[in-house]
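Chemist: what follows is a predicted protein model with its sequence.
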Amino acid sequence: MRKILGSGASGEDDLEELVAGRRGELEAQAAALEETVKDLERREALLRDSRASLERLLRLGTSDLDSRESELAELIRELTAREERLGQEEVELARRRSELGAVELRRAAVEQREQALVERETELTAGSPSEPRDRSVQLAFVPGAAYRLLEIETATLAPGTTFAIDDDEYVVTRSGPSPLPGDARRCAYLVRGTRRTSSGGSS
């Protein structure tokens, strides 16, 4: 610096040149610094945007999670209610099965008693010496608009036997004692079979 100042006008020129050089360097450094500051500002803006986007995503995720938790809780309540209804229905089904089993047992017992009664009646019919000698006159319990009792001439009253009454065919379902008080005759209980057509009728 002293050399530049001591050399007069040429020294001043050198000094100005040095100052101009320094000023250029400082301006370049300032421009670079300004560019760095702008880059930092851009990065800071991007960081703020990213943070805001992340916060929105977190809020949306939290809201969606709350909604899914509510749906899951509602689904659990529905499943619990269904399990309770299913348990009640199973209890009711077990009760109905028990009742049905009791009904089946009672029906089987009734059928056994009826079978035993039929067998006893058959034994009495076959082997009782006190039955009347005239077994050709029997009664028939005939169905229709009004049930009626008819005397019939037949020697067979076995179930499944068919014969005609007033041009109608009937089938014996069972035989038993007469429904009339004090009547010792046997009675055939009939059901309607196929209707007969007269020989002179048209086909």
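Modeler: It's in.

Chemist: in the chain, what helix or strand scores lowest on average pLDDT?
Modeler: helix 2-6 (a mean of 50; mean pLDDT, DSSP states H and E).

Chemist: after that one comes which helix or strand?
Modeler: helix 9-127 (DSSP states H and E).

Chemist: quick check: the residue nearest the centre of the chain vs Arg96, distance?
Modeler: Of all residues in the chain, the one closest to the mean position by CA atoms, centre = their mean is Leu86, 9.6 Å from it. Here Leu86 is placed at a distance of 15 Å from Arg96 (CB to CB, to the nearest Å). Every C-beta, even on glycine, is put in place using the N, C-alpha and C of the backbone.

Chemist: surely Arg174 is within a helix?
Modeler: No - the assignment for Arg174, made by DSSP: H, G, I helix; E, B strand; the rest coil, is strand rather than a helix.

Chemist: assess the claim that it and Gly160 are in contact.
Modeler: No - with contacts counted by CB atoms under 8 Å, Arg174 stays clear of Gly160, the gap being 9.9 Å.

Chemist: who's more crowded, these two?
Modeler: Arg174 (17 against 9; other CB atoms under 10 Å).

Chemist: which residues touch that one?
Modeler: 118, 159, 189 (CB atoms under 8 Å, 6 or more residues apart in numbering).

Chemist: which strand residues bridge it?
Modeler: Tyr189 (DSSP bridges).

Chemist: picking that back up, of the contacts of Arg174, select the buried ones using a PyMOL command.
Modeler: Here is the PyMOL command that selects the buried residues among the contacts of Arg174 (16 or more other CB atoms under 10 Å):
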select buried, resi 189
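
Chemist: any idea which of the contacts of Arg174 is closest to Arg22?
Modeler: Val118 (138.3 Å; CB to CB).

Chemist: what residues does the closest one make contact with?
Modeler: Arg174.

Chemist: gap between it and Arg106?
Modeler: Distance from Val118 to Arg106, by CB to CB: 19 Å.

Chemist: ok, Leu139 next?
Modeler: Leu139 is 32 Å from Arg106, by CB to CB.

Chemist: who has more neighbours, those two?
Modeler: Leu139 (21 against 10).
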